[in-house]
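S.K.: based on what follows, work out the 3D shape:
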Amino acid sequence: MRRSGKAILILILLIAAALFAAASYFLLSFYVPNEHAEVLGNIRYTDAEIRRMAMPGFKEHNSLYLRFFRNEIELQDVPFIDSIEVEYIERDRVRLHANEEYPVGYLLQDGNRFYFNASGVVTESLEDETQSAEEKQQETDSREPLVAKTEGETVSSDTSFRPALVDVSRVTGLADTAPAVGEQIQVDDIQIFRTLQTLGKLVNKLDIHPDEILIDEDRTMTLRYGDVLVDIGTERLLDEKMSRAAVILPQLEGMNGTLHLETFSPDTINIIFSAYQEEPDPEQTGTEGSETAEEELFADEYSEVYSEEDYSGEDYYGGDDTYSEEYSTY
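M.R.: Presented below is the predicted three-dimensional model:
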């Protein structure tokens with residue numbers, strides 16, 4: 001009986017050791033280190049933040065667990081990102097596809113930025129980042145960390161995810177008040193939202209993000225870059241207009257005035273920049289600065305002309321002087 005008991009005990013120990021070895025192999029052989037988790041599709045969040053959202057704990061670093069139990073991660077309470085899809089590559093390597101939502105602009109109201117998408121729906125409301133450093137520090141000290149929560153579970157983390165939004169412009173003239181999150185901004189023509197989406201793609205491509213997009217009552221648009229305004233009018237020939245602006249804007253640094261692209265056409269040769277002079281001191285000039293005088297003072301004091309030659313050559317077309325051929329179809 002004693003030998004039989006010892007044999008059973010040894011068998012149990014061997015089985016336990018085998019199970020432990022198998023579990024260790026499973027955990028270690030299919031472990032995905034951070035550097036083997038490739039991230040695609042992210043703009044607002046860094047690769048490290050996407051990895052922390054998708055793989056917050058030890059078990060989520062297992063490629064088989066990700067493949068069969070966590071292949072699509074629905075996120076809640078995380079601004080500008082809907083989900084993360086996990087693609088299994090091999091036992092220690094995965095690819096994370098971030099499905100981010102791209103805001104096309106924001107409305108500023110009561111110290112909050114109301115970001116909206118290409119359908120005009122307000123997706124997030126965040127505090128304005130232009131507040132003073134002291135106010136930011138006070139709010140940071142009292143704010144609870146923003147934690148990524150997946151559907152059906154809460155991820156334990158002290159990481160505060162903050163999306164990069166420096167390339168999203170403020171939009172004025174679109175609406176007097178911002179609706180609540182999840183509601184659509186009420187406008188006469190919803191096509192304006194698609195136009196803003198197209199404009200956003202162009203300024204991202206050309207790396208000329210405006211500080212502000214001003215929309216007039218007739219839905220014409222003006223972009224503000226510091227003290228320089230770029231009047232682009234309607235969305236017609238928007239690609240060509242923004243390409244011209246990208247070339248001219250560096251030459252206008254430190255200046256004050258309006259670049260006129262509202263009447264641009266394929267036949268346009270000269271583009272006018274109307275510079276403004278500062279209003280003189282009434283005490284020195286002896287004038288009272290009436291409304292009529294102000295209009296005259298801020299009229300086109302002088303203009304600079306940017307001709308077709310500014311857009312040819314390597315600086316604009318990468319060495320291919322095809323201005324006439326390239327735009328003859330418009």
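
S.K.: now the helices for the stretch 201-330 of the chain?
M.R.: 238-248, 282-285, 291-297, 314-317, 323-327 (DSSP state H, counting those that start in this stretch).

S.K.: again but with the stretch 1-150 of the chain, I slipped
M.R.: Using DSSP H, counting those that start in this stretch, helices in the stretch 1-150 of the chain cover 2-29, 47-54, 63-69, 133-142.

S.K.: in the longest one, what counts as buried?
M.R.: Yep, that's helix 2-29 we're talking about. Judged by neighbour count using 16 or more other CB atoms under 10 Å, helix 2-29 contains no buried positions. No exception for glycine: its C-beta is placed from N, CA and C like everyone else's.

S.K.: now do it: distance to the chain's middle.
M.R.: 54 Å (CA atoms, centre = their mean, to the nearest Å).

S.K.: could you say what helices and strands the lengthiest strand in the chain packs with?
M.R.: Looking across the chain with DSSP state E, the single longest strand is strand 81-90. Judged by 3 or more CB pairs under 8 Å, 6 or more residues apart in numbering; DSSP states H and E, strand 81-90 is in contact with helix 47-54, helix 63-69, strand 72-76, strand 93-100.

S.K.: okay if I get these as JSON lines plus distance to E127 and mean neighbour count?
M.R.: As requested, the helices and strands packed on strand 81-90 are arranged in JSON lines below (distance: least, CB to CB, whole Å; neighbours: other CB atoms under 10 Å):
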{"stretch": "helix 47-54", "distance to E127": "19", "mean neighbour count": "21"}
{"stretch": "helix 63-69", "distance to E127": "34", "mean neighbour count": "16"}
{"stretch": "strand 72-76", "distance to E127": "20", "mean neighbour count": "15"}
{"stretch": "strand 93-100", "distance to E127": "20", "mean neighbour count": "18"}
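
S.K.: TSV for the ones you listed, including distance to S265 and mean pLDDT?
M.R.: Shown next, in TSV, are the helices and strands packed on strand 81-90 (distance: least, CB to CB, whole Å; pLDDT from 0 to 100):
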stretch	distance to S265	mean pLDDT
helix 47-54	44	92
helix 63-69	54	88
strand 72-76	46	85
strand 93-100	36	92
